[in-house]
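predicted model follows, preceded by the sequence.
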Amino acid sequence: MSDLSHIRNFSIVAHIDHGKSTLADRLIQKCGAVSDREMKEQLLDNMDIERERGITIKAQTVRLNYRAQNGETYILNLIDTPGHVDFGYEVSRSLAACEGSLLVVDATQGVEAQTLANVYKALDANHEIVPIINKIDLPAADPDRVKMQIEDVIGIDASDAPLISAKTGIGIDEVLETIVHRLPAPKGNEAAPLKAMLVDSWYDAYLGIIVLVRVIDGVLKKGLSIRMMATKAVYKVERLGVFTPKMTDCDSLAAGELGFIICGIKSIGETRVGDTITDDKNPTQTALPGFKPSLSVVFCSLFPVDMSDYENLKESLGKLQLNDAAFQFSPDKSTALGQGFRCGFLGLLHMEIIQERLSREFNLDLITTAPSVAYKVHLTNGTEIVTHNPADMPDPSSIAFIEEPWVKATILTPDDYLGSILQLCSERRGVQKDLTYVGNRAMAVYHLPLNEIVFDFYDRLKSISRGYASFDYEVSDYEKSDLVRVNILVNGEQVDALAFLAHRSQSERRGRQICERLKTLIPRHQFKIPIQASIGGKIIAREDIAAFRKDVTAKCYGGDITRKRKLLEKQKEGKKKMRQFGNVEIPQSAFIQALKIGDE
């Protein structure tokens with residue numbers, strides 16, 4: 001049992017690459033949680049993909065024991081969170097398990113879009129926020145300017161913010177003392193009935209499902225019968241403990257503490273993130289409010305290359321969903337690609353990471369359809385349907401109008417690149433809402449259609465600003481829009497996996513782009529293949545793939561022209577017949593390549 005006044009639960013929040021994981025490494029090292037021999041960079045990032053890309057995808061927790069300068073020992077429960085906008089749900093869940101946040105800001109970059117987004121999340125969770133200025137060892141560091149920015153843009157007093165370098169270890173002692181003295185201790189009553197929050201869960205091949213919990217009231221003991229209040233499932237606690245950062249068993253977890261429990265849970269659907277865990281015999285009367293369910297923003301379909309992998313894919317998606325509550329999926333089928341799943345993601349990076357994890361962790365070969373968003377289709381009979389697959393779009397004659405999601409986008413950029421960025425936003429049908437300056441940095445707020453962002457907006461933004469602009473968005477509302485479904489026909493047959501919805505003004509350009517790309521991706525056949533883009537019955541773009549041709553006139557030495565013409569006509573008839581009965585094989589790689597609309 002630990003004294004509540006000597007526990008600190010906190011998370012580290014920041015923009016991408018501002019040094020959250022490096023600071024977590026130094027804190028772990030300073031508190032002696034791991035030996036120098038075991039220490040490695042990004043210690044808490046345990047996925048290969050996180051280490052390769054240098055980003056945090058999963059929030060990780062670690063328990064540290066720190067002997068403060070006043071001679072007392074404190075328990076610090078640290079949660080390292082992701083920085084990218086696509087993993088915002090992971091951040092909000094982590095914040096719910098803590099009472100305070102360390103806001104890390106890069107001394108060279110200053111306040112960026114994701115810094116703001118994460119601060120607002122921490123304020124929503126009623127956190128005490130302590131700003132920390134990192135990377136002061138770099139030649140371009142300007143801590144005074146960054147302090148002023150934090151005060152102007154965020155409105156937090158940064159006059160006594162610790163100045164640190166997480167890489168070299170400067171100022172780490174000051175950070176630990178700040179955590180102990182400025183962050184609040186958790187509140188809770190050990191004598192009350194057990195009430196614990198299910199913060200996260202993941203699947204382990206040997207232990208089954210591991211559940212991360214934050215105890216609010218009461219005590220969680222080994223051998224206790226617990227009940228999940230949302231699913232009504234009852235389990236016996238077989239093992240419990242804390243991460244130090246290795247899994248370390250203990251006998252009990254009291255109010256205010258963070259740890260894991262293993263109950264031999266095999267069914268994936270019984271551990272819902274945000275659920276309340278209580279004592280089965282002496283339950284608490286009121287459940288915790290839980291987390292707001294995540295709303296998928298980007299959708300795409302995943303199909304196995306080999307149909308025998310379908311069941312394997314279904315099981316793999318279930319395990320991934322357990323590990324990542326923001327990911328959603330449902331069965332889907334396509335005439336061209338067979339059985340698969342329609343999946344919902346929080347953004348394009350989220351989609352990319354899930355696909356990569358499926359291929360690495362579960363060894364699956366997949367085909368992915370074009371990313372799309374959810375549209376509200378209002379029919380002429382007064383009903384409204386929500387569709388996120390262009391193939392499910394009803395007949396155009398029965399549609400009254402279509403509404404598409406719009407987002408409020410915040411872009412922070414050095415003012416040298418502002419002109420190009422405003423031009424990019426207006427090209428994407430954006431409406432400027434606000435433009436403010438803090439020093440030499442501009443903050444533009446735009447109202448943009450989500451459909452225009454999901455393809456390559458972020459890449460274009462980074463390339464025109466040389467990586468200096470930062471971008472954050474939230475879905476604001478649905479608005480009426482002149483949208484059309486563009487079908488792609490190969491040899492006169494519709495390929496539903498390539499169909500997409502676009503604004504009428506952009507449809508012809510996008511249709512022509514895909515046709516041109518498919519022309520280079522589909523191999524030549526013995527007959528001519530037309531590739532067409534159409535809106536309803538109207539063809540808006542066409543490209544032809546020439547047929548392989550045998551030189552049938554080679555055997556004619558001179559002679560009358562009618563002999564040559566007769567042979568050519570005969571060949572033409574054969575090609576026509578072939579085209580009528582021939583099937584066009586579209587390689588799997590063509591589907592993926594055709595949908596990358598990055599290079600204009």
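Yep, it's here.

can you pull out the helices in the stretch 101-250 of the chain?
For the stretch 101-250 of the chain, applying DSSP state H, counting those that start in this stretch gives helices covering 113-124, 143-149, 172-182.

off-centre distance for the first one?
Right, the one you point to is helix 113-124. Mean C-alpha position of helix 113-124 versus that of the full chain (CA atoms, centre = their mean, to the nearest Å) differs by 17 Å.

now do the SS call for residue 574.
Three-state assignment for residue 574 (DSSP: H, G, I helix; E, B strand; the rest coil): helix.

what about it, how many residues nearby?
Residue 574 is flanked by 13 other residues according to other CB atoms under 10 Å. C-beta: built from backbone N, CA, C; applies to glycine.

center of this structure - which residue?
residue 350 (2.5 Å; CA atoms, centre = their mean).

where does it land on pLDDT?
pLDDT for residue 350: 78.

what's the answer for residue 158, then?
Turning to residue 158, the model gives it a pLDDT of 76.

now, of the helices of the stretch 101-250 of the chain, which is deepest in the fold?
helix 113-124 (a mean of 21; mean count of other CB atoms under 10 Å).

any chance of the helices of the stretch 101-250 of the chain in CSV, with mean pLDDT and distance to residue 69 too?
Listed next are the helices of the stretch 101-250 of the chain as CSV, based on pLDDT from 0 to 100; distance: least, CB to CB, whole Å:
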stretch, mean pLDDT, distance to residue 69
helix 113-124, 76, 27
helix 143-149, 82, 24
helix 172-182, 82, 6
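
what ranges does the stretch 251-400 of the chain have for its strands?
With strands called from DSSP state E, counting those that start in this stretch, the stretch 251-400 of the chain shows them at 252-254, 258-262, 276-279, 298-304, 328-334, 338-345, 366-368, 375-379, 384-387, 399-414.

so can I have a markdown table of the ones you listed showing mean pLDDT and mean neighbour count?
Listed next are the strands of the stretch 251-400 of the chain as a markdown table, based on pLDDT from 0 to 100; neighbours: other CB atoms under 10 Å:
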| stretch | mean pLDDT | mean neighbour count |
| --- | --- | --- |
| strand 252-254 | 82 | 21 |
| strand 258-262 | 85 | 24 |
| strand 276-279 | 81 | 24 |
| strand 298-304 | 80 | 23 |
| strand 328-334 | 79 | 16 |
| strand 338-345 | 82 | 20 |
| strand 366-368 | 78 | 19 |
| strand 375-379 | 84 | 17 |
| strand 384-387 | 81 | 13 |
| strand 399-414 | 83 | 20 |
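
for these, which one sits closest to residue 435?
For the strands of the stretch 251-400 of the chain, proximity to residue 435 was assessed by CB to CB; strand 399-414 is nearest, at 9.8 Å.

look at residue 502 and give its secondary structure.
State at residue 502, reduced to three classes by three-state DSSP: strand.

before we move on, back to that, quick one: closest of the strands of the stretch 251-400 of the chain to residue 286.
For these, distance to residue 286 was read as CB to CB. The smallest value, 8.5 Å, belongs to strand 276-279.

sheet partners, orientation included, of the closest one?
Strand 276-279 sits in its sheet next to strand 195-204 (antiparallel), strand 225-228 (antiparallel), going by DSSP bridges.

who touches the longest one?
Same thing as strand 195-204. With contacts defined as CB atoms under 8 Å, 6 or more residues apart in numbering, strand 195-204 is touched by 59, 93-94, 96-97, 209-218, 220, 228, 253, 258, 268, 271-278, 284, 288, 319, 322-323, 325.

and for stretch 423-442?
Contacts with stretch 423-442, where a contact means CB under 8 Å, 6+ apart, come from 110-111, 145, 148-149, 152-153, 408-409, 411-415, 418, 422, 443-449, 452-453, 457, 460-461, 464, 503, 505.

ok, now with 6 Å
149, 152-153, 412-415, 418, 443-449, 452, 460 (CB atoms under 6 Å, 6 or more residues apart in numbering).

mean confidence for it?
Computed over stretch 423-442, the mean pLDDT rounds to 81.

which one of the strands paired with strand 276-279 lies nearest to residue 313?
Among these, the nearest to residue 313 by CB to CB is strand 195-204 (15.5 Å).

for that closest one, C-alpha coordinates in PDB please.
The C-alpha trace of strand 195-204 is given here as PDB (Å, rounded to 0.1, in the frame of the first residue of the first chain):
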ATOM      1  CA  LYS A 195     -13.600   1.100  -8.700                       C
ATOM      2  CA  ALA A 196     -11.000   0.900 -11.500                       C
ATOM      3  CA  MET A 197     -10.700   2.300 -15.000                       C
ATOM      4  CA  LEU A 198      -9.800   0.000 -17.900                       C
ATOM      5  CA  VAL A 199      -7.200   2.200 -19.700                       C
ATOM      6  CA  ASP A 200      -5.900  -0.200 -22.400                       C
ATOM      7  CA  SER A 201      -5.700  -3.800 -23.300                       C
ATOM      8  CA  TRP A 202      -3.600  -5.900 -25.600                       C
ATOM      9  CA  TYR A 203      -3.200  -9.500 -26.700                       C
ATOM     10  CA  ASP A 204      -0.300 -11.700 -25.600                       C
END
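
list the buried residues for that strand?
Residues of strand 195-204 classed as buried by neighbour count (16 or more other CB atoms under 10 Å): 195-203.

with stretch 500-518 instead?
Buried residues in stretch 500-518, counted by 16+ other CB under 10 Å: 500-503, 506-508, 510-511, 513-515, 517-518.

same thing with stretch 450-460?
450-458, 460.

just the endpoints, please. Distance across that stretch?
Stretch 450-460 has an end-to-end distance of 15 Å (criterion: CA to CA, to the nearest Å).

before we move on, what about stretch 475-490?
OK, stretch 475-490 end separation, CA to CA: 35 Å.

now find how far off-centre that stretch is within its chain.
22 Å.

can you map out the strands along the stretch 501-600 of the chain?
529-535, 538-545.

contacting residues for residue 253?
With contacts defined as CB under 6 Å, 6+ apart, the neighbours of residue 253 are 215, 220, 259.

let's see 10 Å
The contact partners of residue 253, taken as CB atoms under 10 Å, 6 or more residues apart in numbering, are 1-2, 194, 196, 213-215, 218-222, 237, 240-242, 259-261.

ok, now residue 70?
Listed by CB under 10 Å, 6+ apart, the contact set of residue 70 reads 177, 180-181.

got it, and residue 118?
Residues in contact with residue 118 (CB under 10 Å, 6+ apart) are 11-15, 20, 81-83, 85, 88, 91-92, 95, 101, 103-104, 129, 472.

so which of those belong to strands?
Using DSSP state E, the subset of those located in strands is 11-14, 101, 103-104, 129, 472.

now residue 152, nearest residue through space, not along the chain?
In this structure, residue 152 finds its nearest non-sequential neighbour in residue 438, 5.4 Å apart by CB to CB, 6 or more residues apart in numbering.

quick check, nearest of the contacts of residue 70 to residue 362?
Lowest distance from residue 362 to the contacts of residue 70 (CB to CB) belongs to residue 180, with 43.0 Å.

surely that closest one and residue 64 touch.
No. Shown here, residue 180 and residue 64 do not form a contact pair, counting by CB atoms under 10 Å, at 11.4 Å.
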